[in-house]
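Novice: sequence plus predicted model, see below.
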Amino acid sequence: MKRYYSLFIVISLLSLSFFSFRSAENKIGNMLSKALDNPSTENYVVWVYFKDKGPNAMAKLNNPLAIVSQRSLDRRSKVKPAGGLLDFTDIPLYSEYVSSVASNVTKVRHQIKWLNCMSVEVNREQVNAISLMDHVKGIELVERFKKIPENPELSSDVSPVFINPNDDPLADSLTYGTGNAITQITQIKVNLVHNQGIKGQGVMIASFDAGFSNLTHEAFTTYPMKIQSTYDFQNNTPTLTGHSHGTATLCLTGGYKPGKMVGPAYGSTFILGRTEVDPTERPVEMDNWIRAADWADSLGADIITSSLGYLEFDAGYTGYTWQDMNGNTMPITIAADLAVNKGIIVSNSAGNNGSSTHNTLGGPADGDSVLTVGAVTSTGTRSSFSSIGPTTDAPPRIKPDVMAMGSNNYYASTSGNLYSTGSGTSFSCPLTSGVCALVLSANRNLTPLQVMGILKKFASNSNSPNNNMGWGIIDASLSVDSARKLDNWTPVILHTQPFTMTSLTTAITMKAKITDNGIIRNWTNEAPLLYHRKSTNGGTTWSAFSSVNYTAVNLDTFSFVIPASGIGTMVQYYFAAQDIALPTPKMVTLPDGGSGVTPPGSTAPPTRFQYIVAMVGIEPVSNEIPDVFKLHTNYPNPFNPITKIKFDIAKNTNAKLLVYDVLGRVVETLVNAELKAGRYEVDFDGYALSSGVYFYKLVTNDFVDTKKMLMIK
């Protein structure tokens, strides 16, 4: 089988400076030219490059969400200015160019907007026809890669290990198994990060491999892996091809079965892309990888983990050599660096080609923005097969960047709930990718290069980096703590008070959305809380504030239950939450103004949400039937914080009485009911609102009127 290895880009790369065409008139690239010189070959897979993206191309950037997801835009905002989240590389290919090529080829494979090209299957005559098109800039062969024997990535099934069925996936400490199952985690100190409640939450990881088998394995279902999307880029279908290699790398990133093995990022969300073709030798792996990177970007992936690498081609094709490992030659490396430019961490295995007098890397591991991962043994020494640098650009760069365990790793098998062992940088890479997710969980505002810098700073060889060990074995604990110390964002709590009066005397559930750039604590004494107090005498005296923990959480929405209250009870409540920032957690209350951490918000804010438990239903205040509809001036006015509003209903009708702020937003609905003719009076309580001008509006089937009132606290 194949061996799996497992500075930002400037737009001028789109000029295809990395390809050489015979002349301006002849658009055929050098590698395709050599292939065409071989009369025995009739069919080819090629990249067709366009001169531009059609008329008014930049106008397409005016609707970003038609191109990428909101999650992608949010991620890009870490590395790009607000007005430039998208650029020329994000503009889709011009449809007329695509159609003209599609009608002259055997098959269309992929549209690659990043490089302004499409990959197609063609014969000799079709190559000639396409080259005559004015909008075509060049045509180049999609490389075919040399098959590398299976060594040292050997694997064997091992017997299941006993597991306590009561293991809790939310426990503060986990059982990682025995032998290398625990060593591969403790060597990089992932267990210390899990003990902080950090497991990759809020992070999306794109895993590229040769396929993924046995996703019903206990390592993927015990703490159900969140797989959001899948795509097979070889067969152009969402249905994945199976392969043991993808099963292994995915398990090492985010598998979860306490007592057997636990991956670093078992709390992350995953998207799975099949980009590799194995064991058949096909000319399309880099093409698939580049298209998959575009796909991952559009969905909002934070990390690409790729235990793949490319260098040599099959006989008859001009290949790349170690001298081309300069970060700017191979298309896959250019695409990987471009992904980093869009805010994605690209973690790639260094390769399994061992030592030499020169580098033994394979693309995209030579990328200057790619996190290149080498392998060490369980004792921390470099694995003999782990590829080395330096790169060949000037000045040469040290590669690999960091190391993790890649010898005799332990992971899920493709058979039942069995497990296997194997070796290769293919397996050190997903462990490192999982640690990247832990760092982002602690502080999602970090850019890819910041994450790379943190990992290198705290790695074991940071004082003397070299081309055998890079900066050394990563330290997840110190890296995550560094990310927490860089956290300067306070959590955000969003809550819309559902009512100011209710007849419910049972317990009431209040919901709030609580978000942060890192982890919202959910431990005892650190979890989000709702505080409440009650008065049964109209607010003359109040009980002390009591806190309640959340009873459920759905994504970022937390539910809290306020205990039952009797008729006539006034209830005040507020929310509080804290994150994991160091040295002191960031804390927030809603309404603002509370203080205290661990538990958060133990000192109440000056204002709170308030509602009254009362008999709900509105009746006329007199037997007189008014002749006309009328909205009266509230009294008192100004008021603090309660005022009365009277209105007259001349005949039975549906009526609404709404209160607006000066921005025209509804702050409270006082009445929304079918009313019989009569005179009415309701109270408006502005306790939870700030001082200022408000408007109240009466709307019926036959009448509308609005008046102004002033609250001064």
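Specialist: Received the coordinates, thanks.
Novice: ok, residue 531 - contacts?
Specialist: 545, 546, 547, 548, 573, 574, 575, 576, 601, 604 (CB atoms under 8 Å, 6 or more residues apart in numbering). Every C-beta, even on glycine, is put in place using the N, C-alpha and C of the backbone.
Novice: switch to 6 Å and redo it
Specialist: 545, 547, 574 (CB atoms under 6 Å, 6 or more residues apart in numbering).
Novice: now do the helices in the chain.
Specialist: 30-36, 70-76, 95-102, 124-131, 180-186, 190-194, 218-221, 244-254, 285-299, 331-341, 425-442, 448-457, 476-485 (DSSP state H).
Novice: among the contacts of residue 531, which are in strands?
Specialist: Among the contacts of residue 531, the ones falling in strands (DSSP state E) are 547, 574.
Novice: got a quick PyMOL command for the buried subset of the contacts of residue 531?
Specialist: In PyMOL syntax, the buried subset of those is picked out as below (16 or more other CB atoms under 10 Å):
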select buried, resi 545+574
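Novice: in a markdown table, list the helices of the chain along with mean neighbour count and mean pLDDT.
Specialist: Below are the helices of the chain laid out as a markdown table (neighbours: other CB atoms under 10 Å; pLDDT from 0 to 100):
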| stretch | mean neighbour count | mean pLDDT |
| --- | --- | --- |
| helix 30-36 | 18 | 83 |
| helix 70-76 | 18 | 95 |
| helix 95-102 | 16 | 97 |
| helix 124-131 | 17 | 93 |
| helix 180-186 | 21 | 96 |
| helix 190-194 | 23 | 94 |
| helix 218-221 | 20 | 97 |
| helix 244-254 | 29 | 97 |
| helix 285-299 | 24 | 93 |
| helix 331-341 | 26 | 95 |
| helix 425-442 | 31 | 97 |
| helix 448-457 | 21 | 98 |
| helix 476-485 | 22 | 96 |
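Novice: between the ones you listed, which one is closest to residue 264.
Specialist: helix 425-442 (2.9 Å; CB to CB).
Novice: just to revisit the earlier point, adding distance to residue 529, write the helices of the chain out as TSV.
Specialist: Shown next, in TSV, are those (distance: least, CB to CB, whole Å):
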stretch	distance to residue 529
helix 30-36	64
helix 70-76	27
helix 95-102	54
helix 124-131	65
helix 180-186	32
helix 190-194	24
helix 218-221	33
helix 244-254	30
helix 285-299	34
helix 331-341	39
helix 425-442	22
helix 448-457	32
helix 476-485	21
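Novice: what about these, which gets the closest to residue 45?
Specialist: That would be helix 285-299 among the helices of the chain, by CB to CB, at 7.2 Å.
Novice: so what touches that closest one?
Specialist: Here helix 285-299 makes contact (CB under 6 Å, 6+ apart) with 68-69, 72, 110, 112, 114, 119, 142, 206, 208, 233-234, 271, 273, 275-276, 304, 310, 331-332, 335, 339, 342.
Novice: with stretch 698-713 instead?
Specialist: Stretch 698-713 has contacts (CB under 6 Å, 6+ apart) with 629, 631, 634, 637-640, 647, 653, 655-657, 686, 691, 693-697.
Novice: which of those residues fall in strands?
Specialist: 631, 647, 653, 655, 656, 657, 693, 694, 695, 696, 697.
Novice: am I right that the first one is in contact with residue 649?
Specialist: No - checked against CB atoms under 6 Å, the pair residue 631 and residue 649 is beyond contact range at 10.5 Å.
Novice: ok, those two, which is more surrounded?
Specialist: residue 649 (23 against 19; other CB atoms under 10 Å).
Novice: in the protein, what helix or strand scores lowest on average pLDDT?
Specialist: Lowest by mean pLDDT, DSSP states H and E among the helices and strands of the chain is strand 155-158, with a mean of 41.
Novice: how about the residue sitting furthest away from the middle of the chain: what's its closest non-neighbour residue?
Specialist: Most distant from the centre of the chain: residue 624, at 62.9 Å, with distances by CA atoms, centre = their mean. Leaving aside its chain neighbours, residue 624 sits nearest to residue 679 (6.1 Å; criterion: CB to CB, 6 or more residues apart in numbering).
Novice: could you check the pLDDT of the residue nearest the centre of the chain?
Specialist: Centroid-nearest residue in the chain, with CA atoms, centre = their mean: residue 204, separated by 3.5 Å. Per-residue confidence (pLDDT) for residue 204: 97.
Novice: contacting residues around it?
Specialist: Going by CB under 6 Å, 6+ apart, the list of residues near residue 204 reads 269, 300, 301, 302.
Novice: go again with 8 Å.
Specialist: Taking CB under 8 Å, 6+ apart, we find residue 204 in contact with 71, 228, 268, 269, 270, 271, 299, 300, 301, 302, 303.
Novice: returning to what we had before: show me which of the ones in strands among the contacts of stretch 698-713 are buried.
Specialist: For those, a burial check counting by 16+ other CB under 10 Å picks out 631, 647, 653, 655, 656, 657, 694, 696.
Novice: who touches the first one in this structure?
Specialist: Looking back up the chat, that one is residue 631. So residue 631 contacts 645, 647, 648, 696, 697, 698, 705, 706, 707 (CB under 8 Å, 6+ apart).
Novice: my guess is residue 42 meets residue 123, correct?
Specialist: Yes - using CB atoms under 8 Å, residue 42 is in contact with residue 123, at 5.7 Å.
Novice: could you check which of the two is surrounded by more residues?
Specialist: Between residue 42 and residue 123, counted using other CB under 10 Å, residue 123 has the larger neighbour count: 14 against 10.
Novice: distance of that one from residue 46?
Specialist: To residue 46, residue 123 is 11 Å away according to CB to CB, to the nearest Å.
Novice: coming back round to it: quick check: bridge partners of the residue nearest to the centre of the chain?
Specialist: With beta bridges defined as DSSP bridges, residue 204 has these partners: residue 269.
Novice: neighbours of residue 641, how many?
Specialist: Counted with other CB under 10 Å, residues neighbouring residue 641 total 16.
Novice: quick revisit: could you dump the contacts of residue 531 to CSV with pLDDT and distance to residue 57?
Specialist: Shown next, in CSV, are those (pLDDT from 0 to 100; distance: CB to CB, whole Å):
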residue, pLDDT, distance to residue 57
545, 98, 59
547, 96, 56
574, 98, 51
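Novice: among the contacts of residue 204, who's most crowded?
Specialist: Neighbour counts for the contacts of residue 204 (other CB under 10 Å) peak at residue 301, which has 32 neighbours.
Novice: touching, that residue and residue 205? I think so.
Specialist: Yes - using CB under 8 Å, residue 301 is in contact with residue 205, at 6.8 Å.
Novice: what touches both of those two?
Specialist: Overlap of the contact sets of residue 301 and residue 205 (by CB under 8 Å, 6+ apart) consists of residue 271.
Novice: check contacts around residue 215.
Specialist: Shown in contact with residue 215 (CB under 8 Å, 6+ apart): 225, 227, 247.
Novice: out of these, who's nearest residue 240?
Specialist: Comparing the contacts of residue 215 against residue 240 with CB to CB places residue 227 closest, at 9.8 Å.
Novice: partners of the closest one in the sheet?
Specialist: residue 270.
Novice: can I get the contacts of residue 531 in CSV with distance to residue 408?
Specialist: CSV is the format used below for the contacts of residue 531 (distance: CB to CB, whole Å):
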residue, distance to residue 408
545, 56
547, 49
574, 54
